[in-house]
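Engineer: Need coordinates for the below:
(one chain, ligands or ions: 2)
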Amino acid sequence: MSSLRHRLLITLLVWIGLMLAALFIIVLQLLPLYENATDKTDIWLILFVSFVVVMILSAIVGSRVIDVAIKPIENATETAMELVKGNYLARASESNAEKTVELSRTINILARNLQEITAIRVMEQERLKTLIENMGSALIMIDKQGAVSLVNKPFLEEFGLTPESVMGKFYKEIQVPSVVEGFIETVFMTETLARVQIEFVSGIKLKNFTVYGAPVIGDHQRWLGIVIVFQEITELKRLEQIRKDFVANVSHELRTPVTSIKGFSETLLDGAYQDTNTLLSFLEIIYTESNRLEMLINDLLELSKVEQNGFRVNAHPTDMEAIIKRAIEMIQSKITEKFIHVKLEIQPVLVLGDPNRLIQVMVNLLINAVTYSSSQTVITIRLLVEDNQAIIQVVDQGIGIEETEIERLFERFYRVDRARSRNSGGTGLGLSIVKHLIEAHHGRVEVDSTVGIGTTFTIYLPLAD
Ligand SMILES: Nc1ncnc2c1ncn2[C@@H]1O[C@H](COP(=O)(O)OP(=O)(O)O)[C@@H](O)[C@H]1O
Ligand SMILES: [Mg+2]
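Structural biologist: Numbering: from 1, shown residues only. Ligands and ions are numbered 1, 2, ... in the order given. This next block holds a predicted model:
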């Protein structure tokens, strides 16, 4: 820009020089009129000095004038250059006169628009990035040459990859299970929407995914590549399996007593009823089995009730000691039958709970303690307060439970020793019901057991108040 300034200044000075030279020639023409002047050198000197003075003054005034005229243009140009470089915060100064102000103002409006547009674009990019990173599903985008153009963190984590090992690589080069690669290939080749369910081993776990593939279409229907999204459904699959197992278990558990009731009554009808002893013992079996059937149905109904979403207990301040004593009373016959001694170590505690539900919990735990203990052993029931919560313990000296079995104990129908436990008369649902009921009280259950020594069930419950 300064070259423009120099050129203008030089042009101005040349112009003034020419004008002065013309003036000189006129003066020279007039000189003979001063023939009689005494000293001609004086006139030449005066002319030369005034020439120099005029040139200096012109240079100063000229450069000032140029300054005023050029500066805004320079300023506007500089601002435009900054905008080109991407500095949208640059602004031209608007403090100059008239026309040039309009130029600066226009440039500033342009700059402001650019700044706004960029801000919006950055925000949209950030939003999209956040969405892609946090969508919870793995995502990969492949451009039309087959190179990976985008992956999110879940994708890298799922397949144990680093960004460097994926970005820009041909899709066949990246280390993913062959089923995944096969699906990517199909979508890439056919350029159509596709959805499959696949399973593969990730680490040591078998995982299930629903995978969606879609072409990416740009302006004017141009095909830009494909995008693949992996939605994990391992948990859904697990729940589906639990449901299937449950139905299978229920059918099995129901069939056993029904088969035996049917078999014994058929034999009786075929003539066995005539022998009084057979009649009595068969009726006995039929009665026991129908009892078991009834128990099973009751437990199933109970379980389905407490497993309902939003199941609530009717909790209020409840005397836990009274609950324990009531539960013992209810199974007293079983206790007496096995000559078991029940020892109470109780301090009075008011818990926040539903008395009927808590009796149900205690009866379930006590029946287990009695069932899985030999006769003439001791069952200790403790009730105390610790860390601002009520603790109830049922300690038996029974057969105990293997460490490895403990985590599955609360599953529906889970029994440590299927045959023996079924003969013991339980349904395999007791502990599931206990767990749900205690959790509905905002409490928890813990088990501690040593095979051959005994088992301790500990319940933590909130205190009233
Ligand atoms: N106090 C205990 N001592 C030893 N094993 C127990 C005890 N309580 C429960 N179990 C084991 O846990 C399994 C599940 O208990 P539960 O759900 O009450 O079903 P069940 O109807 O078989 O009693 C039982 O079959 C038994 O193997
Ligand atoms: Mg039980």
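Engineer: Spell out which residues of this structure are next to ligand 1.
Structural biologist: Proximity of the chain to ligand 1 (CB under 6 Å from any ligand atom) is limited to residues 368-369, 372, 396, 398-399, 401, 409, 414-417, 421, 426-431, 455. Every C-beta, even on glycine, is put in place using the N, C-alpha and C of the backbone.
Engineer: Disregarding residues adjacent in the polypeptide, which is nearest to the residue of the stretch 1-150 of the chain found nearest ligand 1?
Structural biologist: Going by CB to the nearest ligand atom, ligand 1 is nearest to residue 136 of the stretch 1-150 of the chain, at 35.5 Å. Nearest residue to residue 136, sequence neighbours excluded (CB to CB, 6 or more residues apart in numbering): residue 154, at 6.9 Å.
Engineer: and the strand or helix carrying that neighbour, what does it pack onto?
Structural biologist: Using DSSP states H and E, residue 154 sits within helix 153-159. Under the contact criterion of 3 or more CB pairs under 8 Å, 6 or more residues apart in numbering; DSSP states H and E, helix 153-159 touches strand 138-143, strand 223-232.
Engineer: Buried residues in it, which are they?
Structural biologist: With burial defined by 16 or more other CB atoms under 10 Å, the residues of helix 153-159 counted as buried are 154, 155, 156, 158, 159.
Engineer: pretty sure the first one contacts residue 139?
Structural biologist: Yes - taking contacts as CB atoms under 8 Å, residue 154 lies within contact range of residue 139: 7.3 Å.
Engineer: Which parts of the stretch 301-450 of the chain are helices?
Structural biologist: For the stretch 301-450 of the chain, helices defined by DSSP state H, counting those that start in this stretch occupy the ranges 320-330, 332-337, 355-371, 403-406, 418-423, 430-440.
Engineer: any shared contact partners between residue 154 and residue 139?
Structural biologist: residue 230 (CB atoms under 8 Å, 6 or more residues apart in numbering).
Engineer: Next, give me the two most distant ones among the buried residues of helix 153-159.
Structural biologist: 154 and 159 (9.7 Å; CB to CB).
Engineer: Mutual contacts of these two, please.
Structural biologist: residue 138.
Engineer: which bits of the protein sit near ligand 2?
Structural biologist: The chain comes close to ligand 2 at residues 368, 426, 430, as judged by CB under 5 Å from the ion.
Engineer: nearest to ligand 2, of those residues?
Structural biologist: Of all the residues of the chain next to ligand 2, residue 430 has the smallest distance to ligand 2: 3.0 Å, by CB to the ion.
Engineer: what's near enough to touch that closest one?
Structural biologist: Here residue 430 is in contact with 299, 364, 367, 368 (CB under 8 Å, 6+ apart).
Engineer: Which residue is the nearest non-sequential neighbour of the last one?
Structural biologist: Just to be clear, that refers to residue 368. Going by CB to CB, 6+ apart, residue 368 has residue 430 as its nearest residue, at 6.5 Å.
Engineer: How about the second one?
Structural biologist: Counting by CB to CB, 6+ apart, residue 364 lies nearest to residue 430, which is 4.4 Å off, once chain neighbours are set aside.
Engineer: now the third one
Structural biologist: In this structure, residue 367 finds its nearest non-sequential neighbour in residue 331, 5.8 Å apart by CB to CB, 6+ apart.
Engineer: Residue 172: how many residues sit nearby?
Structural biologist: 11 (other CB atoms under 10 Å).
Engineer: Against residue 227, how distant is it?
Structural biologist: Shown here: residue 172 relative to residue 227, a distance of 17 Å by CB to CB, to the nearest Å.
Engineer: likewise residue 113?
Structural biologist: Using CB to CB, one gets 32 Å for the distance from residue 113 to residue 227.
Engineer: So which of those two has more stuff around it?
Structural biologist: The neighbour comparison of residue 113 against residue 227 (other CB under 10 Å) goes to residue 227, with 17 against 11.
Engineer: Low-confidence bits of the stretch 1-150 of the chain, can you list those?
Structural biologist: The stretch 1-150 of the chain contains residues with pLDDT under 70 at 1-2, 32-40, 95-100.
Engineer: and whichever residue of it sits closest to ligand 2, how many neighbours does it have?
Structural biologist: Residue nearest to ligand 2 within the stretch 1-150 of the chain: residue 136 (39.8 Å; CB to the ion). For residue 136, the number of neighbouring residues by other CB under 10 Å comes to 9.
Engineer: same deal with residue 47?
Structural biologist: Neighbours of residue 47 (other CB under 10 Å): 14.
Engineer: check contacts around it.
Structural biologist: Applying CB under 8 Å, 6+ apart, we find residue 47 in contact with 24, 27.
Engineer: cool, residue 202 as well?
Structural biologist: Residue 202 touches 158, 159, 160, counting by CB under 8 Å, 6+ apart.
Engineer: do that again at 7 Å, thanks
Structural biologist: residue 158 (CB atoms under 7 Å, 6 or more residues apart in numbering).
Engineer: gap between it and residue 48?
Structural biologist: In this view, residue 202 and residue 48 are 97 Å apart by CB to CB.
Engineer: Does the residue in the stretch 101-250 of the chain positioned nearest to ligand 2 lie in a helix or a strand, and which?
Structural biologist: Of all residues in the stretch 101-250 of the chain, residue 249 sits closest to ligand 2, at 15.2 Å by CB to the ion. Residue 249 belongs to helix 234-269 when assigned by DSSP H and E.
Engineer: quick one: pLDDT of the residue nearest to residue 364?
Structural biologist: With respect to pLDDT, residue 430 has a value of 93.
Engineer: Relative to residue 321, how far out is residue 290?
Structural biologist: In terms of CB to CB, residue 290 sits 36 Å off from residue 321.
Engineer: I should have written residue 465 there, sorry.
Structural biologist: Note on residue 465: its distance to residue 321, by CB to CB, is 17 Å.
Engineer: ok, now residue 214?
Structural biologist: Distance, residue 214 to residue 321, by CB to CB: 65 Å.
Engineer: just residue 447 next, same as before
Structural biologist: 23 Å.
Engineer: center of this protein - which residue?
Structural biologist: Nearest residue to the geometric centre of the chain (CA atoms, centre = their mean): residue 136, 5.2 Å.
Engineer: My assumption is that that one lies in a helix; please confirm.
Structural biologist: No - using DSSP: H, G, I helix; E, B strand; the rest coil, the secondary structure at residue 136 is coil, not a helix.
Engineer: Can you name the helix or strand that residue 284 falls in?
Structural biologist: For residue 284, the host element (DSSP H and E) is helix 276-307.
Engineer: can you tell me the average pLDDT over that helix?
Structural biologist: Rounded mean pLDDT across helix 276-307 is 92.
Engineer: who are the neighbours in contact with the residue of the stretch 151-300 of the chain found nearest ligand 2?
Structural biologist: Using CB to the ion, the single residue of the stretch 151-300 of the chain nearest to ligand 2 is residue 299, 9.2 Å away. Shown in contact with residue 299 (CB under 7 Å, 6+ apart): 427, 429, 433.
Engineer: for the residues you listed, which one is nearest residue 352?
Structural biologist: Residue 352 lies nearest to residue 433 out of the contacts of residue 299, by CB to CB, at 19.7 Å.
Engineer: so what are the domain limits for the chain?
Structural biologist: 2-112, 135-232, 237-307, 316-462 (automatic domain parsing).
Engineer: just those: most buried one?
Structural biologist: Comparing the domains of the chain by mean neighbour count (mean count of other CB atoms under 10 Å), domain 316-462 ranks first with a mean of 17.
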